[in-house]
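Visitor: next comes the sequence, and after it the predicted model I'd like to discuss.
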Amino acid sequence: MNTIVTVISTIYSLLWGDLFTLSLPGGNSMGVSLLVLLLIPTGIYFTVRTRFLPIRLFPDMLRVTKEKRISSSHKGAISGLQALVVSTATRVGMGNMIGVVAAISAGGAGAVFWMWLSALIGSSTAFIEATLAQLYKEKDPLYGGYRGGPAYYIHGFVKQKRGKKMGKRSITAILFAISGLICWCGISQVISNSVSAAFQNAFHIPPIYTTIVLVALSAVIVLRKNATVKVLDILVPIMAACYFVMTIFLILKNITVMPSVFKQIFEEAFGLRQAVAGGFGAILMNGVKRGLFSNEAGSGSAPCAAAAGDTSHPVKTGLLQALGVFIDTIVICSCTAFIMLVTPAQHIVGLNGMDLLQASMDYHLGRFGVIFIALILWLFSFSTFIGILFYARSNVAYLFGDNWISQTLYKVLALIMLFIGGLAAYTFVWDLGDVGIGLMTIFNIIVILPMSKEALEALKEYEKQKGNG
């Protein structure tokens, strides 16, 4: 067991730790991880190749949210907007709260600016991978509708290269699918642990009771054939709107300090005024890491939902998923950042994580604020768990074929992990989850770079059709 833990920790450090350190003017330094080294250049490349799509086609992103699914006769099919709701459910999670708090605590207010910038380039990456997922989607004989994702377009890419020499499955696609299933089991534990801790702080409820209720509700939904999308259709808009409206209320309540908040963000973003916890390197890296790993662009997870969307053109799904990155980072992550930054420093000094966020809300709204954050975290985490099991469908099918036994067994395994996580203070499986998403990103990026020309051709065709009316 100790050997396994050591191996996992080593891989975790390789993926998430500083691969090398850059020296910066003024005696500062900046550590660069392998994943940031992969995702940032890839995002910049796709942003340039799509001619700054997130800005140029933002009106189109909003317009395609109105499109209904096109195959009304195809049982089980979901619309592109419903696919966006599923991916938003998993993007918008505790990372939007605790992760943003950690980024600002370590890198100062300037981290928010770099978080916003990472969303811009992340949107382009999300567009490419989602469009590819649409181009290589398949009909789903079990659940109805469509399925797909990186395992499927990786398989298609390898098949193009090898032709008849191609086996039944691609090794790279298998590795991606396994990494995804490992990652989502790890995330299940983190979800229940965060929820049980928040409810213990807010309501003094023992973790065992919170965990039992969470697992029971999750089981009722995920063990039913097609309840996931119906539940998320209701849950995601409500939770996102509640958090957004509450933030707007707090901003208006503290409107006199907002100019100084924006001034602080932009000054610290470029190291003009050093953050307490570090220099320019800490500011940039913490903002970039939080932005990239909150919106999941490039990890290959959201394309598992994107493939299920039934839209009139693959590019429309790509545009919707690019909008998902905007919703996650520019809207939801910024909400958490503003809640923190309008709180006087003396009220949150020495705190971190959920304690810091709840202390901020306690300052603004008293006991109601603490309870509100606990409930919102519960909704965010609950929807994330339901969403990741939607992602898992296509990966389980790729590995084990179309059968209910393998689908159900994975759901039961995830529910067990959800239960264990609610009671355990820490297990190495959490690191395993981070290793899983890191490996997913690597397998995904090395394939979408050469395959991106197909997505870019689809974009060119879409804009041509749009130009012709």
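Guide: Now that the structure is in, tell me what you want to look at. Residues are numbered from 1 along each chain as shown.
Visitor: in the stretch 51-200 of the chain, which spans are strands?
Guide: Secondary structure of the stretch 51-200 of the chain by DSSP state E, counting those that start in this stretch: the strands cover 138-139, 146-147.
Visitor: one more: the stretch 251-400 of the chain?
Guide: Taking DSSP E, counting those that start in this stretch, the stretch 251-400 of the chain contains no strands at all.
Visitor: so where is it shaky, pLDDT-wise?
Guide: Applying pLDDT under 70 to the stretch 251-400 of the chain flags residues 271-294, 353-354.
Visitor: same question for the stretch 101-250 of the chain.
Guide: 106-107, 164-167.
Visitor: if we can go back for a sec, mean neighbour count, the strands of the stretch 51-200 of the chain: which tops it?
Guide: Burial of the strands of the stretch 51-200 of the chain is given as mean neighbour count (mean count of other Cβ atoms under 10 Å); strand 146-147 ranks first at a mean of 24. For the C-beta atoms, the positions are set from N, CA and C on the backbone; glycine is no exception.
Visitor: nearest spatial neighbour of the residue nearest the centre of the chain, chain-adjacent residues omitted?
Guide: By Cα atoms, centre = their mean, the chain has its centre lying nearest to R91, at 3.1 Å. Nearest residue to R91 in three dimensions, chain neighbours excluded: D328, at 4.2 Å (Cβ to Cβ, 6 or more residues apart in numbering).
Visitor: isn't the one you found right next to V100, touching?
Guide: No. Using Cβ atoms under 8 Å, D328 makes no contact with V100, being 10.9 Å away.
Visitor: in what helix or strand does I405 lie?
Guide: For I405, the element it lies in under DSSP states H and E is helix 404-423.
Visitor: so which elements touch that helix?
Guide: Secondary-structure packing of helix 404-423 (3 or more Cβ pairs under 8 Å, 6 or more residues apart in numbering; DSSP states H and E): helix 171-203, helix 207-222, helix 367-400.
Visitor: could those go into JSON lines alongside mean neighbour count and distance to I416?
Guide: Listed next are the helices and strands packed on helix 404-423 as JSON lines, based on neighbours: other Cβ atoms under 10 Å; distance: least, Cβ to Cβ, whole Å:
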{"stretch": "helix 171-203", "mean neighbour count": "23", "distance to I416": "9"}
{"stretch": "helix 207-222", "mean neighbour count": "17", "distance to I416": "9"}
{"stretch": "helix 367-400", "mean neighbour count": "22", "distance to I416": "13"}
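Visitor: need these in TSV with distance to Y143, can you?
Guide: As requested, the helices and strands packed on helix 404-423 are exported to TSV (distance: least, Cβ to Cβ, whole Å):
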stretch	distance to Y143
helix 171-203	17
helix 207-222	12
helix 367-400	6
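Visitor: can you get me a residue count around R162?
Guide: Per other Cβ atoms under 10 Å, the neighbour tally for R162 reads 11.
Visitor: against L351, how distant is it?
Guide: 55 Å (Cβ to Cβ, to the nearest Å).
Visitor: if we can go back for a sec, so the residue nearest to the centre of the chain sits against A305, correct?
Guide: No. Taking contacts as Cβ under 8 Å, R91 lies outside contact range of A305: 9.9 Å.
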